[in-house]
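S.K.: Here is my input; please provide its structure:
(chains A and B)
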Amino acid sequence: MAGRDVTRTVEAVWRIESARLIAGIARLVRDVALAEDLAQEALVAALEQWPESGVPENPGAWLMATAKHRGVDRLRRAEVHERKIAELGRDAELRSSADDDLAAAVGDPFDYDLLRLIFTACHPLLSTDARVALTLRLLCGLTTREIARAYLTSESAVAQRIVRAKRTLSAARVAFEVPGRRELRERLASVLEVVYLIFTEGYSATAGERLIRPELLDEALRLGRILAELLPRDAEVHGLDALMELQATRARTGPSGEAVLLLDQDRSRWDWLLVRRGLAALERAHAAAGPIGPYSCRPRSPPATHAPAHPRTPTGSGSWRSTTG
Amino acid sequence: MRVMVLIKATEQSEAGEMPSRELLEQMTAFNEELVKAGVMLAGEGLQPSSRGARVEFSGSERKVIDGPFTETKELLAGYWLWQVKSMDDAIEWVRRIPNPTGEHGIVEIRSVFEADDFGEQFTPELREREALLRAQTEASA
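M.R.: Purely as a prediction, here's the structure:
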């Protein structure tokens, strides 16, 4: 395989694996910043070695093993070896401990690590800007440059925001855990807010000339779908998923990127696959247990009643007027 | 971007052999991975071509040909519709499709046209009719 192809493969593997990789290592080292450093080191090692050795059969496992190996080296050098090893040993018991209310609901340990990473990146201790940047970086695998481009700000500003956010988490000794039942509502609201902020920035960009940023829309949709899979019993999660899928169906700009108002939109140009997915998510939200909140309400309460009803009637404008009064 | 991932038929799939339990288990796990990664949009497996038909177009003539069809390698056994960031990502996911028996097979990845790619040829009237069709499909689903 040519060098360039391997580089592209490494990048694709990174986009697919980075969130789980960082989450898995963070559980071991109990520090998100260190986990990301180690994951990046593994990525560099892959970029160096795979062009020679070929892409390993299980690239995700290779990256994880490499990152863990370096983590152990790092801990040894830091002369906290024994203490940390003791922590590693404690991990197995922590995993099944009673503080993990959701552990039983989330069967797959890798999923549980990912949830921990989501809740940590979206910790209410951080400003919303910091949560958004950290989420795009740690969970979406976006580079600092990509985040800066999406938000039309400088790379150094984003880098600083991320560094500060990580420092805040370390200084406050934020546990790498999924919150317990008592805190869960508030913490989940913080997560959903971040996802919806990314979505709305993609849907109607506040900066720059383009009105829609498809890359942010796609990331938010993907995060919403992942959350719906990880927390399938939560009405709010499905509510947000439905809200975004339905709203994204109508993300429309004219030929030169200008906004097209809803009433002037050509409905046949909506994305009907997303309509179908949105309606399915809405049904899951209605069927799910758990308290109803802003997201599970929104797609079915006025004035947004048109969201599900409207896409069901794609022809003629009369049906549209009738649903909006 | 969206890609359609086309799983080409094999002699076994055309013979109507059901996948082994092992393959079903691995395929279910793989599908779960796709869903959890936010990649999966849709997907189905297809019955052998013996349960299908073809309609050949020539001028105004329409000739119906019942399955099975002989050119196995050209036939399909299933498809997925994925949301990915790039063709490289799609290739990486396809590399991970389980194949426990090591059987020879081909999976093709194609970029999906978005409505806007059709340009002027896809007129507002055509779009409207396309939308109606999709809605009817939905209502009956």
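S.K.: burial of A:Arg164, as a residue count?
M.R.: 15 (other C-beta atoms under 10 Å in any protein chain shown). Placement of C-beta: from N, CA and C, glycine included.
S.K.: Tell me the spacing between it and chain B.
M.R.: To chain B, A:Arg164 is 28 Å away according to C-beta to the nearest C-beta, to the nearest Å.
S.K.: Wasn't that residue part of a helix?
M.R.: Yes - assessed by DSSP: H, G, I helix; E, B strand; the rest coil, A:Arg164 belongs to a helix.
S.K.: low-confidence ranges in the chain?
M.R.: Using chain A. A:1-4, A:79-108, A:205-211, A:250-271, A:289-292, A:297-325 (pLDDT under 70).
S.K.: Not quite, go with chain B.
M.R.: Along chain B, the model assigns pLDDT under 70 to residues B:114-128, B:130-132, B:134-141.
S.K.: can you give me the strands in it?
M.R.: Counting by DSSP state E, the segments of chain B that form strands are B:2-8, B:40-45, B:53-58, B:61-66, B:76-83, B:107-111.
S.K.: wait, which of the ones you listed is closest to A:Tyr112?
M.R.: Smallest distance to A:Tyr112 across the strands of chain B (C-beta to C-beta): 20.8 Å, for strand B:40-45.
S.K.: what's the closest residue to B:Asp89 other than its chain neighbours in contact with, if anything?
M.R.: The shortest distance from B:Asp89 to any non-neighbouring residue, by C-beta to C-beta, 6 or more residues apart in numbering or on different chains, is to A:Ala12 (4.7 Å). Residues in contact with A:Ala12 (C-beta atoms under 8 Å, 6 or more residues apart in numbering or on different chains) are B:Ser86, B:Asp88, B:Asp89, B:Ile91, B:Glu92.
S.K.: The most centrally placed residue in chain B and chain A, how far apart?
M.R.: The residue lying closest to the centre of chain B (C-alpha atoms, centre = their mean) is B:Tyr79, at 2.5 Å. Counting by C-beta to the nearest C-beta, the gap from B:Tyr79 to chain A is 14 Å.
S.K.: hang on, the earlier thing: for A:Gly24, which of the strands of chain B is the nearest?
M.R.: Closest of those to A:Gly24 is strand B:40-45, at 22.1 Å (criterion: C-beta to C-beta).
S.K.: how far away is the residue lying farthest from the centre of chain B from B:Asp66?
M.R.: What lies farthest from the middle of chain B is B:Ser60; by C-alpha atoms, centre = their mean that is 28.8 Å. To B:Asp66, B:Ser60 is 21 Å away according to C-beta to C-beta, to the nearest Å.
S.K.: about what we covered before: of the strands of chain B, which is nearest A:Arg30?
M.R.: Closest of those to A:Arg30 is strand B:40-45, at 32.3 Å (criterion: C-beta to C-beta).
S.K.: which neighbours does that closest one have in its sheet, and in what orientation?
M.R.: Partners of strand B:40-45 in the sheet, by DSSP bridges, are strand B:76-83 (antiparallel).
S.K.: buried residues in the strand it pairs with?
M.R.: For strand B:76-83, burial by neighbour count (16 or more other C-beta atoms under 10 Å in any protein chain shown) applies to B:Ala77, B:Gly78, B:Tyr79, B:Trp80, B:Leu81, B:Trp82, B:Gln83.
S.K.: Would you map the helices across chain B?
M.R.: In chain B, the segments counted as helices under DSSP state H are B:11-14, B:21-36, B:87-95, B:124-140.
S.K.: Check which residues of the shortest one are buried.
M.R.: What it means is helix B:11-14. Within helix B:11-14, the residues that qualify as buried are B:Gln12, B:Ser13, B:Glu14, counting by 16+ other C-beta under 10 Å.
S.K.: and of these, the nearest to A:Leu246?
M.R.: Minimum distance to A:Leu246 across the buried residues of helix B:11-14 is 36.5 Å, recorded for B:Ser13 (C-beta to C-beta).
S.K.: residues in contact with that closest one?
M.R.: So B:Ser13 contacts B:Pro48, B:Ala77 (C-beta under 8 Å, 6+ apart).
S.K.: Please repeat the previous calculation with a cut-off of 6 Å.
M.R.: Residues in contact with B:Ser13 (C-beta atoms under 6 Å, 6 or more residues apart in numbering or on different chains) are B:Ala77.
S.K.: What distance do you get for it to B:Ala77?
M.R.: Taking C-beta to C-beta, one finds B:Ser13 at 4 Å from B:Ala77.
S.K.: you'd agree A:Val275 is in a strand?
M.R.: No - counting by three-state DSSP, A:Val275 is located in no strand; its state is helix.
S.K.: how many neighbours does it have?
M.R.: Residues lying near A:Val275 (other C-beta under 10 Å) number 25.
S.K.: That one against A:Gln247, yeah?
M.R.: No - A:Val275 is beyond contact range of A:Gln247, at 10.6 Å (criterion: C-beta atoms under 6 Å).
S.K.: neighbours of A:Gly202, just the number please.
M.R.: By the criterion of other C-beta under 10 Å, A:Gly202 has 22 neighbours.
S.K.: again, but for A:Glu283
M.R.: Number of residues near A:Glu283 (other C-beta under 10 Å) recorded here: 13.
S.K.: what secondary structure does it sit in?
M.R.: Three-state call for A:Glu283 (three-state DSSP): helix.
S.K.: Distance check, it against chain B.
M.R.: Per C-beta to the nearest C-beta, A:Glu283 is found 13 Å from chain B.
S.K.: now A:Trp14, nearest residue through space, not along the chain?
M.R.: Of all residues not flanking A:Trp14 in the chain, A:Leu43 sits nearest, at 5.7 Å (C-beta to C-beta, 6+ apart).
S.K.: where's the helix or strand in which that neighbour is found relative to the chain centroid, distance-wise?
M.R.: Using DSSP states H and E, A:Leu43 falls within helix A:32-53. Distance of helix A:32-53 from its chain centroid, counting by C-alpha atoms, centre = their mean, to the nearest Å, is 21 Å.
S.K.: Contacts for it, please.
M.R.: Residues outside helix A:32-53 that contact it (C-beta under 6 Å, 6+ apart) are A:3, A:6, A:10, A:14, A:21-22, A:25-26, A:29, A:63, A:66-67, A:70-71, A:120, A:166.
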